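Colleague: Predicted model, plus sequence, below.
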Amino acid sequence: MRDWSDLGEKERSTSYGPILDILNCEFPVENTNRTDIHVLTPGCGLARLTWEIFSHGFQSEGCEFSWYMILTSRFIVNNSAGDAAQSDLANYRIHPFLHETSNLLSWQDALKEVRFPDINPAETPEEGGKMSFGAGEFLDLYFEEKWNAVATCFFIDTAHNVIEYVEKIFQILKPGGLWINNGPLMYHFANTSEMSVELSWNELRSVILLTGFELELEDSEKCSYVENPASLLTQEFKTILFTARKPLSTAT
Ligand SMILES: C[S@@+](CC[C@H](N)C(=O)[O-])C[C@H]1O[C@@H](n2cnc3c(N)ncnc32)[C@H](O)[C@@H]1O
């Protein structure tokens, strides 16, 4: 629903939209060969952001460790539309709100059918982007300093220790590379028995600077996440949208 349906369009425009705008500004088509620009999206979920980045002509790689996400995104990207004509799109149906029994105006809202995909994921961009996938734990998969940009969306708060993510992103970005983040700090392991380091934005900001990044943009977006637009209960995140650059030369 969020990633591959018409209903998710509004969510995508506030979650992924600012990230794509920043990437487009950072690497303008007029003077960049985008096929040489490597962009990584850790925790890519169902991979729409990864696909959007690819469709803008970049070398785009998504990383994901959940088999539910990996199998579903693989199905959508590789099989859901293929060479289908526009009329064959949106052939698959889900009922994502079926288990909601509260805050309904009408039972029809719980039964709502959502169709996917809204676009043909097999369409390749004129600019010639490439898309790849890293299936596994982000911290264990990437070591090489090869990424021109890392884009994290609703991801950094999935960490047991967010400092490890900051250090990893610094390690794998090329000198001069850009980290773009949009998301909240709803720490996934808070109030569980598992290890959880829960930093405020002010603390995380200091960690980002101490790691060696230069913070460029600090902004906020109002975003929802997998929201039933017809529900009587709505939830909105005031995300932290920031860009942080790895300097061209780093002190050793
Ligand atoms: C909150 S979802 C966000 C998905 C997507 N970025 C979006 O905005 O819809 C976080 C995703 O990160 C994945 N994830 C969490 N920790 C991860 C890790 N350490 N390595 C790889 N994927 C991870 C989860 O499985 C989940 O799909």
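Modeller: Perfect, I can see it now. Numbers count the residues shown, from 1 in each chain.

Colleague: Quick check: phi and psi on I19?
Modeller: I19 adopts backbone torsions of phi -70, psi -40, taken as degrees, to the nearest 10.

Colleague: thought it was touching N182?
Modeller: Yes - the pair I19 / N182 is scored as a contact, 5.6 Å apart, by CB atoms under 8 Å. Glycine gets a C-beta too; all of them are placed from N, C-alpha and C.

Colleague: shared neighbours of these two, anything?
Modeller: Residues touching both I19 and N182 by CB atoms under 8 Å, 6 or more residues apart in numbering: C153.

Colleague: and the residue most central in space within the chain, what does it touch?
Modeller: Closest residue to the average C-alpha location of the chain: C153 at 3.8 Å, with CA atoms, centre = their mean. Contacts for C153 were tallied using CB under 8 Å, 6+ apart; they are S15, Y16, I19, T41, G43, L49, N181, N182, G183.

Colleague: Repeat that for P18.
Modeller: The contact partners of P18, by CB under 8 Å, 6+ apart, come to N182, D219, E221, L241.

Colleague: one step back: which residue packs closest to the residue nearest to the centre of the chain, ignoring adjacent ones?
Modeller: N182 (5.2 Å; CB to CB, 6 or more residues apart in numbering).

Colleague: which outside residues touch the host helix or strand of V39?
Modeller: Per DSSP states H and E, V39 falls inside strand 38-42. Strand 38-42 has contacts (CB under 8 Å, 6+ apart) with 23, 47, 49-50, 53, 58-63, 134, 138, 142, 146-153, 155, 165, 169, 172.

Colleague: what subset of those is also close to the ligand?
Modeller: C63, F138, C153, F155 (CB under 6 Å from any ligand atom).

Colleague: Out of the contacts of P18, which is nearest to the ligand?
Modeller: Distance to the ligand, by CB to the nearest ligand atom, is smallest for N182 among the contacts of P18, at 8.3 Å.

Colleague: hang on, L89 packs against D118?
Modeller: Yes - using CB under 8 Å as the test, L89 is close enough to D118 to be in contact (7.0 Å).

Colleague: rewinding a little: which of the ones next to the ligand among the contacts of strand 38-42 fall within strands?
Modeller: Judged by DSSP state E, strands contain the following of those: C63, C153.

Colleague: Taking the ones next to the ligand among the contacts of strand 38-42, tell me the two that lie furthest apart.
Modeller: Among these, the pair separated by the greatest distance (CB to CB) is F138 and C153, at 13.3 Å.

Colleague: Quick check: neighbours shared by those two?
Modeller: Common neighbours of F138 and C153, using CB under 8 Å, 6+ apart, are G43.

Colleague: quick revisit: please tell me how far the residue nearest to the centre of the chain sits from T50.
Modeller: Taking CB to CB, to the nearest Å as the measure, C153 and T50 are separated by 10 Å.

Colleague: Next: P18.
Modeller: Counting by CB to CB, the separation of P18 from T50 is 16 Å.

Colleague: What of Y92?
Modeller: Y92 is 19 Å from T50, by CB to CB.

Colleague: neighbour count winner among those two?
Modeller: Using other CB atoms under 10 Å as the criterion, Y92 and T50 rank with T50 on top: 28 against 16.

Colleague: surely I240 meets S220?
Modeller: Yes - counting by CB under 8 Å, I240 touches S220, with 6.3 Å between them.

Colleague: ok, the two, which is more surrounded?
Modeller: More neighbours surround I240 than the other of I240 and S220, with 19 against 14 (other CB under 10 Å).

Colleague: Helix or strand for that one, just tell me which one.
Modeller: strand 237-245.

Colleague: Ok, L23 next?
Modeller: L23 belongs to helix 17-26, assigned by DSSP H and E.
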